[in-house]
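**Student:** Compute the structure for the input listed below.
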Amino acid sequence: MVQTAHIDDEHAAVDVLVATVSDRLVAFRLGDVEQVLPAAAVAELPHAPAVVRGLLNLRGAPLPVIDLRVRLGLEGRAAHPDDHVLVCQVGGRSVGVWVDHAAAVRRLERTVVVPFDDGMPARHFAGAAMVADGVLLVSDVDSFLSAAETLELERALSEVAKDRRGV
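**Tutor:** The predicted structure follows:
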């Protein structure tokens, strides 16, 4: 996959992975996505933040999975065969982001992306672009977990690790 620029970089275009979440089109910069996995059953993670759907086993390592529907304040739903998990770096750790479907890679001209500023009510998004099939929201994956949620997640993961070691 091609590494991407942030929308405010000097490059003329940004390569993004477009995913659907409910009726929304959400773009993830390719540089933010380490891999795309088919959705699989997740194990419960007690004491995790409400936005964490659970844990996936990723090559022997626990991968916490954020439910993007819940993060965006949408109604959650049961897993569907078309669902995907995008492995991204969030807060310095690999985290899965559960989406309804990872649809396609698209190149966005930087000039069509309107950045959101502090005055716009657009938590979790860096900007938006009008595209042929609607409005494309450009995600800000670093905002998917707050500082408090990150601490809560780390504590929950520590408890799981202690339980596995028998401590």
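**Student:** Where does Pro49 sit: helix, strand or coil?
**Tutor:** Three-state call for Pro49 (DSSP: H, G, I helix; E, B strand; the rest coil): coil.
**Student:** and it, what are its phi and psi?
**Tutor:** phi -60, psi 150 (degrees, to the nearest 10).
**Student:** which ones are touching it?
**Tutor:** Each residue near Pro49 by CB atoms under 8 Å, 6 or more residues apart in numbering is listed here: 145, 149, 152-153. No exception for glycine: its C-beta is placed from N, CA and C like everyone else's.
**Student:** closest to Phe28 among those?
**Tutor:** Comparing the contacts of Pro49 against Phe28 with CB to CB picks out Leu145 as the nearest, at 15.3 Å.
**Student:** Which element, helix or strand, includes Ala129?
**Tutor:** Per DSSP states H and E, Ala129 falls inside strand 125-131.
**Student:** any idea which helix or strand of this structure has the worst average confidence?
**Tutor:** Least confident element among the helices and strands of the chain, by mean pLDDT, DSSP states H and E: strand 113-115 (a mean of 83).
**Student:** Just give the strands next to that strand in its sheet, each with its orientation.
**Tutor:** The strands beside strand 113-115 in its sheet (DSSP bridges) come out as strand 125-131 (antiparallel).
**Student:** The partner strand: how far from the chain's middle?
**Tutor:** Between the centre of strand 125-131 and the centre of its host chain there is 16 Å, according to CA atoms, centre = their mean, to the nearest Å.
**Student:** Any chance you could list what contacts the next helix or strand after the strand holding Ala129?
**Tutor:** Along the chain past strand 125-131, the next helix or strand (assigned with DSSP H and E) turns out to be strand 134-139. Contacts with strand 134-139, where a contact means CB under 8 Å, 6+ apart, come from 7, 14, 16, 18, 24-29, 32, 106, 108, 113, 122, 124-130.
**Student:** all strands of the chain, in order?
**Tutor:** Remark: strands assigned in the chain by DSSP state E are 13-21, 24-29, 33-38, 52-58, 61-67, 84-90, 93-99, 101-109, 113-115, 125-131, 134-139.
**Student:** Among these, show the one with the smallest mean pLDDT.
**Tutor:** Within those, the least confident segment by mean pLDDT turns out to be strand 113-115, at a mean of 83.
**Student:** Can you give me the buried ones in that one?
**Tutor:** Buried positions in strand 113-115, judged by neighbour count with 16 or more other CB atoms under 10 Å: Val113.
**Student:** same deal with stretch 124-139?
**Tutor:** Neighbour-count burial for stretch 124-139, with 16+ other CB under 10 Å as criterion, is recorded at 124-129, 136-139.
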